[in-house]
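J.: Can you look at this prediction? I've put the sequence above it.
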Amino acid sequence: MLYIMRHGKTDWNAKHKLQGRTNIPLNEEGIQMAEQAKEKYKDVNFDICYCSPLVRAKQTAEIVLEGRNIPIVYDDRLMEMCFGVYEGVTHPSQIEGSPIRKLFKDPANYPGVEDGETFDDLFARTGSFLKEVVQPQLDAGKDVIIVGHGAMDSSIVCQVQNIPLEKFWDAGIENCKLMKLL
């Protein structure tokens, strides 16, 4: 089985700031969400966890899997999408003329931003991770959980379920909710 989970909430989530690669920790609500997920999913089998190295994902994985003797392997390919000059901006999709508006409302036509990643970049790195790391684990009969971020998780969902870029956000990945992909 393949499962995916988004990190718990952060102060920047609460303030509607675009996080991207900015290394923001969980806030108290995010920690509580992870604790609740730990209890809710305690009976779901995971053989291995792959996780973004960003602190909010690491904290989530460590809390959710605490006491379960499940290895957590960090991989840079699971970092959140880089939003370049828009990281740290509050409500960037509401700024008239902002390319981030297209990111959320018309992803198929998102042009990318200065110092950021495009969807092609994101899909290339998460696609190589799926092919090189996850697929061999699944082929060996292992149950895998990936703990990451909204856009990164959505890129994996789209690739695994053959969802077109136009529907990139349709999966609606919520904080600390387990999604079964395969």
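T.: Looks like it came in fine.
J.: contacts, neighbours, all on C-alpha from now
T.: Fine.
J.: can you give me the helices for this protein?
T.: For the chain, the helices defined by DSSP state H cover 11-14, 28-40, 55-64, 99-105, 119-129, 135-139, 150-160.
J.: Comparing these, which comes out most buried?
T.: Most buried of the helices of the chain, by mean neighbour count (mean count of other CA atoms under 10 Å): helix 55-64, with a mean of 23.
J.: and the angle from that helix to helix 28-40?
T.: 40 degrees (axes from the mean of the first three to the mean of the last three CA atoms, to 10 degrees).
J.: which secondary structure elements does helix 55-64 contact?
T.: helix 28-40, strand 48-51, strand 144-148 (3 or more CA pairs under 8 Å, 6 or more residues apart in numbering; DSSP states H and E).
J.: hey, C-alpha coordinates of that helix in CSV?
T.: The C-alpha trace of helix 55-64 is given here as CSV (Å, rounded to 0.1, in the frame of the first residue of the first chain):
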residue,chain,number,x,y,z
VAL,A,55,11.1,20.6,9.9
ARG,A,56,7.3,20.7,9.7
ALA,A,57,7.1,17.4,7.9
LYS,A,58,9.8,15.9,10.1
GLN,A,59,8.0,16.8,13.3
THR,A,60,4.8,15.4,11.8
ALA,A,61,6.3,12.1,10.9
GLU,A,62,8.1,11.7,14.2
ILE,A,63,5.0,12.4,16.2
VAL,A,64,2.6,10.2,14.1
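J.: relative to strand 144-148, how tilted is that helix?
T.: Using the same axes, to 10 degrees, helix 55-64 lies at 140 degrees relative to strand 144-148.
J.: mind checking how far helix 55-64 is from the chain centre?
T.: Counting by CA atoms, centre = their mean, to the nearest Å, helix 55-64 is centred 12 Å from the centre of its parent chain.
J.: And stretch 119-136, by the same measure?
T.: Computed by CA atoms, centre = their mean, the chain-centroid distance of stretch 119-136 equals 13 Å.
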